[in-house]
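Engineer: after the sequence you'll find the predicted model.
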There are 2 protein chains.
Amino acid sequence: MKNKKLRLLKKLRRILPAEAVLGDEERLRPYECDALSAYRRLPMIAVLPDNVEQVRAVLQLCARERTPVVARGAGTGLSGGALPRTDGVLLVMAKFNRILAVDEHNRTATVQPGVTNLAISEAVAHLGLFYAPDPSSQLACTIGGNVAENSGGVHCLKYGLTVHNIMEVKAVTMDGAVLTLGGRALDAPGFDLAALITGSEGLLGVIVEVTVKLLPRPDTARVLLAAFDRVEKAGDGVAAVIGAGIIPAGLEMMDNPAIRATEEFTGAGYPVEAEAILLCEVDGMAEEVAAQMETVEEMLRQAGAVHIRAARDERERALFWSGRKGAFPAVGRISPDYYCIDGTIPRRELGRVLRRIKELSAEFNLRVANVFHAGDGNLHPLILYDANVPGELERTEQLAAAILGHCVEVGGTITGEHGVGVEKINQMCTQFNARELAQMHAVKSAFDPEGLLNPGKAVPTLARCAEFGAMHVHHGKVAFPELERF
Amino acid sequence: MKNKKLRLLKKLRRILPAEAVLGDEERLRPYECDALSAYRRLPMIAVLPDNVEQVRAVLQLCARERTPVVARGAGTGLSGGALPRTDGVLLVMAKFNRILAVDEHNRTATVQPGVTNLAISEAVAHLGLFYAPDPSSQLACTIGGNVAENSGGVHCLKYGLTVHNIMEVKAVTMDGAVLTLGGRALDAPGFDLAALITGSEGLLGVIVEVTVKLLPRPDTARVLLAAFDRVEKAGDGVAAVIGAGIIPAGLEMMDNPAIRATEEFTGAGYPVEAEAILLCEVDGMAEEVAAQMETVEEMLRQAGAVHIRAARDERERALFWSGRKGAFPAVGRISPDYYCIDGTIPRRELGRVLRRIKELSAEFNLRVANVFHAGDGNLHPLILYDANVPGELERTEQLAAAILGHCVEVGGTITGEHGVGVEKINQMCTQFNARELAQMHAVKSAFDPEGLLNPGKAVPTLARCAEFGAMHVHHGKVAFPELERF
């Protein structure tokens, strides 16, 4: 192991400048985890290339040396997708931070993967354009990671996920080939490999360039806050708004524990007595927005809102959103630790699932604060726990698994926008059957036959599922033994 | 061959009722081509299953017998994707024609692949909903084929292609496995195999069920007709409208030859002196539409429209569209034969590409009528020719290749919404390099290792590209000989 590391360091330093190859523990320490900090691993080596040729050379070397490679963007991922391998090389793409081109006419921007999500919108603001997906971490998270995880955000209800907002991706495969996936025009012929690599969590290739779609910035945006005395009524409100044919730019829900924590922390003006609040933002042309705001208000009243307030101006609009955006840190203040869950359910099931989460919370004797992208059924229950109380972390993980299991039961999925990574790899066994997982492994092999790119993430081996017990095993044999090596 | 056919017929009749297995020439004749009727082949056998178990059994049998299988929907495809194999079984999905479920609340419909595109919108009209993609053939074409070809239509500028409007696809692989791809919720974890199979032209699996997204029917739609004395000005008009931040529900362009042919045939009221016309439809809430119509009119005037007319009512709106919808048959009346091209270019290049098509038309001495989905840069030049004039078909194919080659040169693609099929398989060699094509073959192998599903379509072998001459060959060897069998 030690010898292998030394040999690799030597060879990597022939490819990269000395300062771009890290081998000492103290310099590797900052890279031991992403935003899922419960999982930490020191990489064997970290490299920071600054051009595509270097990425190709590193991958080709690691392929020859049969060394696993994990690509890392800004490290803001919440499912451990960038968790290093102790026997592998961490490929840090931070130096790929240039905006290469902006095409105002075709409304596209071509950027390197290390450009932050927000930087794209800032760079084209003077053209009246913006890049729609807006994960909460948009100040820090980078577009390469957004593509790898198919990130969403408050606005994805109206504007779609990352996959709906990119056109072309350049990626380097484990054998060092540079592939151009998708295209700059409406539709690319052949298989849609651009959509395939989006959300593939670094298992198929290393993203080195992305061409994103830009949208015209809406000239008006207004937000409305509605309070309810029962969470189910808020769920009905969501259904009513969508049912009225309105597609809000954002439709967020918070329950009482989240409201209280947030209000105390941010002073956003939320009604702390409410069992649930909805934040509904509508954007577009002024006339349209005015008309839609009326409809939204009417729908929410009918759903039983006890209190409705529209932001009077931009300042108040920012204030309303400051609460939602500060919800996670706020919850962090009322509990020593919290665990953020990311699941998705059919909108129809909102009320039912909220009730079930309440039951489970009591069952496991752990508080849960709910902050939802309600419009698209993306749940972010926050389980409050104390890691120093023996058994609480374990109980928290069990509760999280129970909640995600319920999401799947009602026809939802185990992740909305945070990805699978290492965090939810066992839940993949409940989401997909053996043949479907085998198909994913076959696709993985089509790009990376040796399974060296980000191994152990996103798609579980069938052997693991067998251990996890969520898969039927015949006579102690899994259906596709040839896949166990994955 | 003869014996193989008899043996296969015998085995198929054990799986399917006798009347669902066709072997006689006169009963096979109707299936010898799809809407690309220039290519015709009689299948060895055609089968018409009516349930998933039968599809699985047929595929498993054909896999054992190493017999190619081509799936067919309504046969409206324009690129020959459903062209049969003389040595293969044609899997006709016409009997899968039931709408299985409509979920008003989650805005989805679950349908069998043989349901026509229009039937979905008709079935949910009473709920105020519709299915957005609307290929011109929507009366006849079926959703299975729409998914296989990632079909578009007039409305895809605003509402996206098929891939943006489906959630879940059930498909049967060549080994008889039933896979559920995608999901009913916002985002499905793991690789996005639903997007991968969309547009895969029947090479990866046979689609047996589709869950589509439904959208609220806009309460107002208005259309405006603008005439120009130069096609370039019409191109500028398209740019101006999009540049103003408006996303029309449809933005269509026709040039003079198309206008004249259409007007004579449909009497839609088009100005026959105009060099080009634009049809721009805006939909949404009444206030929004009114405001946008004003902007559109202003933009088109600035672009140099010599004449602008808005449809006064629904009747006139239908009349305006009747011309566009009748354009192809209209052109069919002024020329013994015509060849419809489907290419896509960056919107910015519209004027330049139109000029180039005019030059090429003169060069090849063949008339070209242009009918475009201008808003998303999807071109449908119609080459007018007479198959009875020796050499004209060949010249037509050369002209078509030259036009598509130019689309790729300016950063576009060789297909917008009609797929590659057999028609454009050679152009794929210009669109993608050897390694990118090899990657597609590897993905194909991940689903169908023996290459039995719709072989010879969509993705060319590298050997073919070498012959076609568009690929660099080292010492008479193609880069990936193991792929030649595809």
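Structural biologist: The structure has been received and is ready for your questions. Numbers count the residues shown, from 1 in each chain, chains lettered A, B, ... in the order given.

Engineer: tell me who's in contact with residue A:93.
Structural biologist: If you count contacts by Cβ atoms under 8 Å, 6 or more residues apart in numbering or on different chains, residue A:93 has them with A:49, A:71, A:72, A:73, A:113, A:114, A:142, A:144, A:206, A:207, A:208. Just so you know, the C-beta spots here come from the backbone N, C-alpha and C atoms, and that holds for glycine as well.

Engineer: where does chain A have low pLDDT?
Structural biologist: A:1, A:469-486 (pLDDT under 70).

Engineer: tell me where the stretch 51-200 of chain A has strands.
Structural biologist: Using DSSP state E, counting those that start in this stretch, the strands of the stretch 51-200 of chain A run over A:69-72, A:89-92, A:99-103, A:108-111, A:129-130, A:166-172, A:178-182.

Engineer: which helices and strands sit right next to the last one?
Structural biologist: Read it as strand A:178-182. strand A:166-172, helix A:193-197, helix B:434-447 (3 or more Cβ pairs under 8 Å, 6 or more residues apart in numbering or on different chains; DSSP states H and E).

Engineer: the first one near chain B anywhere?
Structural biologist: No. Taking Cβ under 8 Å from any Cβ of the partner chain as the criterion, strand A:166-172 and chain B are apart, separated by no less than 9.9 Å.

Engineer: using CSV, write out every CA atom in that strand.
Structural biologist: What follows is strand A:166-172, C-alpha atoms only, in CSV (Å, rounded to 0.1, in the frame of the first residue of the first chain):
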residue,chain,number,x,y,z
ILE,A,166,-28.1,21.7,-19.7
MET,A,167,-27.4,21.0,-23.4
GLU,A,168,-24.0,19.6,-23.8
VAL,A,169,-21.5,17.9,-21.5
LYS,A,170,-17.8,17.1,-22.2
ALA,A,171,-16.6,14.2,-20.1
VAL,A,172,-13.5,12.2,-19.8
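
Engineer: how far does that strand sit from the chain's center?
Structural biologist: Remark: strand A:166-172 is offset 18 Å from the chain centroid, using Cα atoms, centre = their mean, to the nearest Å.

Engineer: next to chain B, which bits of the stretch 1-150 of chain A? Give me the list.
Structural biologist: A:103, A:105, A:106, A:107, A:128, A:150.

Engineer: go again using 7 Å as the cut-off
Structural biologist: Applying Cβ under 7 Å from any Cβ of the partner chain, we find that the stretch 1-150 of chain A lies next to chain B at A:105, A:106, A:128, A:150.

Engineer: and these as JSON lines, adding neighbour count?
Structural biologist: As requested, the residues of the stretch 1-150 of chain A next to chain B are exported to JSON lines (neighbours: other Cβ atoms under 10 Å in any protein chain shown):
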{"residue": "A:105", "neighbour count": "12"}
{"residue": "A:106", "neighbour count": "22"}
{"residue": "A:128", "neighbour count": "16"}
{"residue": "A:150", "neighbour count": "27"}
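
Engineer: for the residue sitting nearest the centre point of chain A, which residues are in contact?
Structural biologist: Centroid-nearest residue in chain A, with Cα atoms, centre = their mean: residue A:418, separated by 2.6 Å. Applying Cβ atoms under 7 Å, 6 or more residues apart in numbering or on different chains to residue A:418 gives the contacts A:78, A:79, A:342.

Engineer: and residue B:94, which of the strands of the stretch 51-200 of chain A is closest to it?
Structural biologist: strand A:178-182 (33.0 Å; Cβ to Cβ).

Engineer: where exactly do the helices run in the stretch 251-400 of chain A?
Structural biologist: A:256-266, A:286-302, A:314-325, A:327-334, A:350-363, A:392-409 (DSSP state H, counting those that start in this stretch).

Engineer: check the offset of the fourth one from the chain's centre.
Structural biologist: Right, the one you point to is helix A:327-334. 19 Å.
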